[in-house]
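S.K.: the following block contains a protein sequence and its predicted model.
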Amino acid sequence: MRTMPRVRRVMLRMLRPLIPALGQVFGRLEAPTYHTWLELWQGTAPATDEAIRRAVGASPGRLIVTLPDGPGAKASRDSLAGQAVGAWVIAGNAQALAREAAAGGLVLHLSPGDTLPRHALAEFALAAAATPVPLVVYGVEDAGGRGAAPWFKTAFDPDLLLQQAAFGRAVAYDAGLLVRHGLLGLRGHALMLAAARAALAEAGPGAIAHVAAVLLRRRSARAPIWRQDTDRAAIAAALATDSQGVVLLPGGETPRLRWPLPATPPRVTAIVPTRDGTALMEACMEGLLRRTDYPALDILVCDNDSSDPALLARFAEWSRDPRFRVLPCPGSFNYSAINNRAARVAEGEILLLLNNDTEVQESGWLREMVSHAVRPGIGAVGARLLFPSGRVQHSGTVLGLGGIAGHDMLHSPLRSPGPYDLLRLTRRVSAVTAACLAVRREAFLAVGGFDEEALRVAYNDVDLCLKLRAAGLANLVTPHAALTHKESATRGDDMSPAHRARWEQERAVMRERWGPALDTDPYYSPSLALDPPLRVLAYPPRRLPPWHPARSQG
């Protein structure tokens, strides 16, 4: 019986390299699989109309639609006529749009051939009736004859919107908002950016609502649909208006932004715990001392009873560099306590929590991380971490994945754009790994740092990120800071007999402390399963329409 966990671990290690190939196989089956899922969990028919009407109640809302003439326009009009509930009107020109907008409602811009499922107006109406009242409502969309290429969106992410037309076409705007800010003449990405800015200024983050339901089906199957409306000119115009010194860099298949550093770059203290691990430390220190071009860096190595003479000799050599010092941290390994102790004595404004099994790939990585860590409202900043094979080890942590939290898009190929280009875009996430994490020292200490009593080894980084989020700070991950990470090369496998009991206890602490938050990650679609590591459809989704029969059965 004791050999079974070891067998499972060995089998998992053997299968991991095959995961990307399996993902490609599932991708080829995506259209029929998605179509079946859509019919089961998102589909509506005349038989459901009465349930939809009951859910919406006496306020079905009003939709103002712009729809140019063109191939497929009739299908668009037919889909409006087939709505289960809700009033709608087509505004055929600018004058009509202005007139209708003055009467209130939501404005939706359709392209000829785009169609709405029969429940779309009901979902828009329910969202618009929420408290606080949203000024922008957007949902899921897909493309293709049978609903291929679904674009599962998540909670509003202003960083993502600056790089991608992240609302897509399944988006409706409060008519009053557009009138008040003179936005009736805008379309596409320019409208998304301007409306988001106006909505946030008027009502804060609650002004932008995401509906985790399929609300629009594009006529065009030209892939990928998440790139079709991204507009670099609109991004550049928005950046010029915002005047934060953010630069849109030229070239690239997806837009890349560079955020500025202060005139005097803040000092960064890199905190690197270790116990022996001489070869790992050699590679880690070489990257920090020789291949990092950040101008204000010091290194605090937290030595947890190292005894290797070779490493102790290297400590003496590295100490000749004024940037390097050793902080003795004797006793049993407690990752949280070690980092907390270092944070209290660190001299940098920015803490860089860094595992000794990481290795720098390119010189500008730290500048990229710090440029985000100093931004107002930002908490923890994570990096893109790669296995030695080159596949993705970390690009953000998803709450609920594997029960508590796990790494998203694990084992994706090096050059993969990821779903919806997410592996290429700086974006907000609920948590990032402390294997490489930058955070303002002030923010780290303000939330109490790591929990060194209940979370000595595992999940302390997720707990920290959730505390930062509870304090009103957003966590993000950037793909433009990349390091190699030889995961768990020092601490070992949590699944080993020596560590399993401690790991289970720490999981129980996280579940008790954060509860439902672990199952409702705003930056991960409830239409996707929480079984790592593949992004596959959830059966059932964690969000069902109010009229779905399964809700009453639950």
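M.R.: Everything's here; your move.
S.K.: helices and strands of this protein: which one bottoms out on pLDDT?
M.R.: Using mean pLDDT, DSSP states H and E, helix 19-28 stands out as the lowest-scoring helix or strand of the chain, at a mean of 41.
S.K.: center of this protein - which residue?
M.R.: The residue lying closest to the centre of the chain (Cα atoms, centre = their mean) is Val429, at 3.7 Å.
S.K.: how about the helices in the stretch 401-550 of the chain?
M.R.: For the stretch 401-550 of the chain, applying DSSP state H, counting those that start in this stretch gives helices covering 441-446, 460-470, 500-514, 549-553.
S.K.: how about these in TSV, adding mean neighbour count?
M.R.: For glycine as for every other residue, the C-beta is placed from the backbone atoms N, C-alpha and C. TSV is the format used below for the helices of the stretch 401-550 of the chain (neighbours: other Cβ atoms under 10 Å):
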stretch	mean neighbour count
helix 441-446	17
helix 460-470	23
helix 500-514	15
helix 549-553	10
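S.K.: TSV please, covering these and showing distance to Pro250.
M.R.: As requested, these are exported to TSV (distance: least, Cβ to Cβ, whole Å):
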stretch	distance to Pro250
helix 441-446	33
helix 460-470	33
helix 500-514	42
helix 549-553	49
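S.K.: pLDDT weak spots in the protein?
M.R.: For the chain, residues meeting the criterion pLDDT under 70 lie at 1-32, 144-147, 221, 223, 488-499, 532-533, 552-554.
S.K.: which ones are touching Asp49?
M.R.: Counting by Cβ atoms under 8 Å, 6 or more residues apart in numbering, Asp49 touches 84-85, 118.
S.K.: most neighbours among those residues, which one is it?
M.R.: Ala84 (23 neighbours; other Cβ atoms under 10 Å).
S.K.: how near is that residue to Pro546?
M.R.: To Pro546, Ala84 is 12 Å away according to Cβ to Cβ, to the nearest Å.
S.K.: then Gly390?
M.R.: From Gly390 to Pro546 the distance is 45 Å (Cβ to Cβ).
S.K.: what about those two, which has more around it?
M.R.: For Gly390 versus Pro546, the count of surrounding residues by other Cβ under 10 Å is larger for Pro546: 14 against 11.
S.K.: how about Arg391, nearest residue that isn't a chain neighbour?
M.R.: In this structure, Arg391 finds its nearest non-sequential neighbour in His411, 4.8 Å apart by Cβ to Cβ, 6 or more residues apart in numbering.
S.K.: neighbours of that neighbour, just the number please.
M.R.: His411: 20 neighbours (other Cβ under 10 Å).
S.K.: do Val89 as well
M.R.: For Val89, the neighbour count with other Cβ under 10 Å is 15.
S.K.: so which of the helices of the stretch 401-550 of the chain comes closest to Leu354?
M.R.: Leu354 lies closest, by Cβ to Cβ, to one member of those: helix 460-470, at 12.1 Å.
S.K.: by contact count, what packs against that closest one?
M.R.: strand 378-386, strand 397-399, strand 436-440, strand 474-485, helix 500-514 (3 or more Cβ pairs under 8 Å, 6 or more residues apart in numbering; DSSP states H and E).
S.K.: which one, of the ones you listed, ends up nearest to Val360?
M.R.: Closest to Val360 of those is strand 474-485 (Cβ to Cβ; 5.8 Å).
S.K.: who does the closest one pair up with?
M.R.: strand 358-360 (antiparallel), strand 378-386 (parallel), strand 427-429 (antiparallel) (DSSP bridges).
S.K.: between the ones you listed, which one is nearest to Ala454?
M.R.: strand 378-386 (19.4 Å).
S.K.: got the buried residues for stretch 409-422?
M.R.: Buried residues in stretch 409-422, counted by 16 or more other Cβ atoms under 10 Å: 409-413, 416-422.
S.K.: off-centre distance for that stretch?
M.R.: How far stretch 409-422 lies from its chain's middle: 13 Å, per Cα atoms, centre = their mean, to the nearest Å.
S.K.: straight-line length of that stretch, end to end?
M.R.: Its first and final residues considered, stretch 409-422 spans 9 Å by Cα to Cα, to the nearest Å.
S.K.: from now on call the first residue 453
M.R.: Sounds good: first residue 453 from here, last item stretch 861-874.
S.K.: related to what we said a few turns ago, just name the closest of the contacts of Asp501 to Arg505, please.
M.R.: Top of the list for closeness to Arg505, among the contacts of Asp501 and by Cβ to Cβ, is Val537 at 5.0 Å.
S.K.: and the closest one, helix, strand or coil?
M.R.: With DSSP: H, G, I helix; E, B strand; the rest coil as the basis, Val537 sits in coil.
S.K.: need the contact list for it.
M.R.: Counting by Cβ under 8 Å, 6+ apart, Val537 makes contact with 501, 504-505, 508, 512, 573-574, 577.
S.K.: which other residues reach stretch 865-881?
M.R.: Residues from elsewhere that reach stretch 865-881 (Cβ under 8 Å, 6+ apart): 472, 603-604, 609-612, 615-616, 676, 678-679, 705-706, 709, 824, 834, 836, 838, 842-844, 847-850, 860-861, 864, 926-932, 975, 987.
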